[in-house]
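[1] give me a model of this one.
(one chain, ligands or ions: 2)
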Amino acid sequence: MHIASVGINKLCFCLSLALSGLLLLLPCLRPSPRPLVLPLPKAQFRPPTNSTHRNLNVTPAEVPLKRKGIDAPSTGHVKHEPLNIEDIFIAVKTTRKYHRSRLELLIQTWVSQAKRQTYIFTDGEDKDLQLRTGTNLINTNCSAAHTRQALCCKMSVEYDKFIESQKKWFCHMDDDNYVLLPSLLQLLSSYHHSQDVYLGRPSLDHPIEASEKVKSNGLMSVQFWFATGGAGFCISRGLALKMSPWASLGNFISTAEKIRLPDDCTIGYIIEALLEVKLTHTLLFHSHLENLRKLPPETVVDQVTLSYGGFKNRRNVVSVGGRFSLAEDPTR
Ligand code: UDP
Ligand code: MN
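    Ligands and ions are numbered 1, 2, ... in the order given. Reported below is the predicted structural model:
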C-alpha cells in the first residue's frame, strides 16, 4: 500500500511537470509581460530665458535649425500647440518710390506664399498694385521722406495694426528683405507668444548709447541693444502688449523723440531699457550691412531673412546655385 501511494505521487508529479511544459510552449497561454515603464528622457533643450545670448552665435532656437528633421523643441515639458503661418503678422515697410523696383519683386516671391498675413506699410496710394496683386497695402499717410520721424510714424502704424490683428507674432521687415517662411515658422515655434521674446540681429557689436530726455529738461545716458530693422526682427504678442504705454496710438513717435533715434533703435529702447527684456541675438537674420557672399551657399536655405544691395556694393547678394544668372536675378 505504501509502494502504491508512492507510485501515485510520482504520477502526479510527472503530470504537473508535463502540464507546465505545455503551458510554457503555448505563447497565447503565457501571461502577457507587463509593459516596461521607463523614465521619460529629460528635455535636452533649454527653454529660452531672457538671459543674454549676446556673444553666442547659436541661440537655443537655432538648435533645431542646425539639426534639420528633428522636431522643434518645446519649452520645458509643455508641448506647444503648433504654430501656423497665419499666426504671424508680417509687416513690410516701404515707400511709394519702391513699389515697382522692390515691392513687385517681393509680391512675386515670398509674399505670394503669405499674402493674407503680410501687411505692406507705405506712404502713398497705389490702388492698381493692390487690385492687381491682392496684397494688404496700407497707406500710413506718413511722410515719404527717409527721416526719423517718417520712419517712426510707419512703425507706429505697424504696431497698432498688429495689436488690432490678434496675431501671435509681430515680424517687421524692410522691402529689401527676402523671408524664408519655413525657417521663420520653425524659429518662432521654439518660443511661446505669451513669453517676452524679442528676436533679431544687432548691427553693432556693442549696445547703443543714447541720451534720454528726462523730465527736469536734463539728459541721461542709457545703453541698450537693438535688432537692426534692415535684417528684420520679431516680437511676441506678450511682449508687444507690454510695450503699449510707449508704443500704441502715436506714443511710439513721442518715445522716439525722447532718444532722437530711428524706429528700430526705439523698439530696442522700449524693450531693453524700459521693459528690461533682453534681445535674443540671432544670426539667422541678415541685412545688406554684412557681406552676404560670406554666407555658405548650403546654409542659405536655413536662414530666416536675407537682403541685397548696399550703399557701396550693389552686388552684395548671397551665393546661390540654380539656373538664373546674376544678370537675370540681380537680387538673388
Ligand atoms: N524707406 C522709407 N522711406 C524712404 C526711404 C526708405 O520708408 O523715404 C524704407 C525702405 O522702403 C526700406 C527701409 O526704409 O524698407 C530702408 O530703406 P533702404 O533699404 O533704402 O535704406 P538702408 O537699408 O540703406 O537703410
Ligand atoms: Mn535696405
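
[2] and the residue of the stretch 151-300 of the chain closest to ligand 1?
    Nearest residue of the stretch 151-300 of the chain to ligand 1: residue 174, at 3.4 Å (Cβ to the nearest ligand atom). C-betas here are computed from N, CA, C, even on glycine.

[3] list phi and psi for that residue.
    Dihedral pair for residue 174: phi -90, psi 170, per degrees, to the nearest 10.

[4] gap between it and residue 135?
    To residue 135, residue 174 is 16 Å away according to Cβ to Cβ, to the nearest Å.

[5] nearest residue to residue 116 other than its sequence neighbours?
    Leaving aside its chain neighbours, residue 116 sits nearest to residue 86 (7.1 Å; criterion: Cβ to Cβ, 6 or more residues apart in numbering).

[6] helix/strand/coil for that neighbour?
    With DSSP: H, G, I helix; E, B strand; the rest coil as the basis, residue 86 sits in helix.

[7] what number of residues lie near it?
    11 (other Cβ atoms under 10 Å).

[8] quick one: the residue of the stretch 151-300 of the chain closest to ligand 1 and residue 232 touch, right?
    Yes - counting by Cβ atoms under 8 Å, residue 232 is a contact partner of residue 174 at 7.1 Å.

[9] and these two? Which one has more around it.
    With neighbours defined as other Cβ under 10 Å, residue 174 and residue 232 compare such that residue 232 has more, 30 against 20.

[10] quick one: low-confidence ranges for the chain?
    The model of the chain has pLDDT under 70 over residues 1-80, 311-314.

[11] now check stretch 195-214, is it near ligand 1?
    No - using Cβ under 6 Å from any ligand atom, stretch 195-214 stays clear of ligand 1, coming no nearer than 9.9 Å.

[12] how far off centre is that stretch?
    18 Å (Cα atoms, centre = their mean, to the nearest Å).

[13] ok, stretch 319-332 next?
    The chain centroid and the centroid of stretch 319-332 are separated by 27 Å under Cα atoms, centre = their mean.

[14] which helix or which strand is home to residue 182?
    helix 181-189 (DSSP states H and E).

[15] what helices or strands is that helix leaning on?
    Under the contact criterion of 3 or more Cβ pairs under 8 Å, 6 or more residues apart in numbering; DSSP states H and E, helix 181-189 touches helix 63-66, strand 88-93, strand 233-236.

[16] make CSV from these and add distance to residue 294 and mean neighbour count to it.
    Below are the helices and strands packed on helix 181-189 laid out as CSV (distance: least, Cβ to Cβ, whole Å; neighbours: other Cβ atoms under 10 Å):
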stretch, distance to residue 294, mean neighbour count
helix 63-66, 18, 16
strand 88-93, 26, 24
strand 233-236, 21, 26
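
[17] looking at those, which is nearest to residue 321?
    helix 63-66 (20.5 Å; Cβ to Cβ).

[18] residues near residue 204, how many?
    So residue 204, with other Cβ under 10 Å, has 10 neighbours.

[19] please apply the same query to residue 113.
    12.

[20] give the contact list for it.
    residue 181 (Cβ atoms under 8 Å, 6 or more residues apart in numbering).

[21] distance of it relative to residue 306?
    Distance of residue 113 to residue 306, given as Cβ to Cβ: 15 Å.

[22] one more: residue 300?
    7 Å.

[23] those two: which has the busier surroundings?
    With neighbours defined as other Cβ under 10 Å, residue 300 and residue 306 compare such that residue 306 has more, 25 against 18.

[24] tell me the secondary structure for the nearest residue to the more buried one once chain neighbours are set aside?
    Nearest residue to residue 306, sequence neighbours excluded (Cβ to Cβ, 6+ apart): residue 178, at 4.4 Å. State at residue 178, reduced to three classes by three-state DSSP: strand.

[25] right, and residue 188 touches residue 89 too?
    No - applying Cβ under 8 Å as the test, residue 188 and residue 89 come out as separate, 11.4 Å apart.
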